[in-house]
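**Student:** take this sequence and fold it.
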Amino acid sequence: MFRKGYVFRPWENEDAPPLSRILSSEKFWEFLPEEYSGEFDSNEALELIKLNASNSNHYIRAVEFEGELIGQVRLEFDKEHAELSYWLDINHWGYGHGSAMVTLFLYESTMHYPELRFVYARVHEKNLASARILTKLGFLRIAEKDDLPFHYYECCLTKPT
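**Tutor:** Next comes the predicted model:
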């Protein structure tokens, strides 16, 4: 399950061009809560990077695999709870990166935030791959919290030893 080659790091200004390319794909937005709004230029990507860096209740990391930017993982905190969100460049869908990066990120997060106990995630009802990732990691669907087209999943984390 754990593959070498993954790096979780803060976003950098130099990431604006590849981020712009990723966000400009209409297919990328298919399962996200926000709608596709057209091409995303490097200046808009740079503004997004700056915005992410200034948000203190988020833990956001760019994800690289073997030196290439492939996605993002994020926790938005509310005391001992956090919302997990993640995305993957469409050029890397179907290769197991989603499972690996979410697993590694959650493990890393429990090390940095030992008070974190509960994580939830929203998944578009048609995003079966993401639902499988969360289920495989021990998340349970909480049907009474669904906000269609999104389903809610929750997990109680244990402290790493």
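**Student:** can you list contacts of the helix ranked longest in the chain?
**Tutor:** Among the segments of the chain that qualify as a helix by DSSP state H, the longest is helix 97-112. The contact list for helix 97-112, computed with CB atoms under 8 Å, 6 or more residues apart in numbering, reads 1-3, 6, 8, 59, 61, 63, 65, 70-71, 73, 75, 82, 84, 86, 88, 116, 119, 129-130, 133-134, 136-137, 157-160. All C-beta spots, glycine's among them, are computed from the backbone N, C-alpha and C.
**Student:** next: stretch 66-79.
**Tutor:** With CB under 8 Å, 6+ apart as the test, stretch 66-79 has contacts from 5, 8, 11, 15, 18-19, 22, 57-64, 82-89, 92, 97-98, 101-102, 105, 109, 113, 115-116, 119.
**Student:** buried ones among the contacts of helix 97-112?
**Tutor:** Among the contacts of helix 97-112, those buried by neighbour count (16 or more other CB atoms under 10 Å) are 6, 8, 59, 61, 63, 65, 70-71, 73, 75, 82, 84, 86, 88, 116, 119, 130, 133-134, 137, 157.
**Student:** ok so, going back, ok now the longest helix of the chain, how far from the chain's centre?
**Tutor:** In terms of CA atoms, centre = their mean, to the nearest Å, the centre of helix 97-112 is set 10 Å apart from its chain centre.
**Student:** and the helix or strand bottoming out on mean pLDDT in the chain, what does it pack against?
**Tutor:** Ranking every helix and strand in the chain by mean pLDDT, DSSP states H and E puts helix 42-54 at the bottom, with a mean of 86. Other helices and strands packing on helix 42-54, by 3 or more CB pairs under 8 Å, 6 or more residues apart in numbering; DSSP states H and E, are helix 16-23.
**Student:** buried residues in the helix it packs on, which are they?
**Tutor:** A16, P18, L19, S20, R21, I22, L23.
**Student:** from V7, how far off is I22?
**Tutor:** 17 Å (CB to CB, to the nearest Å).
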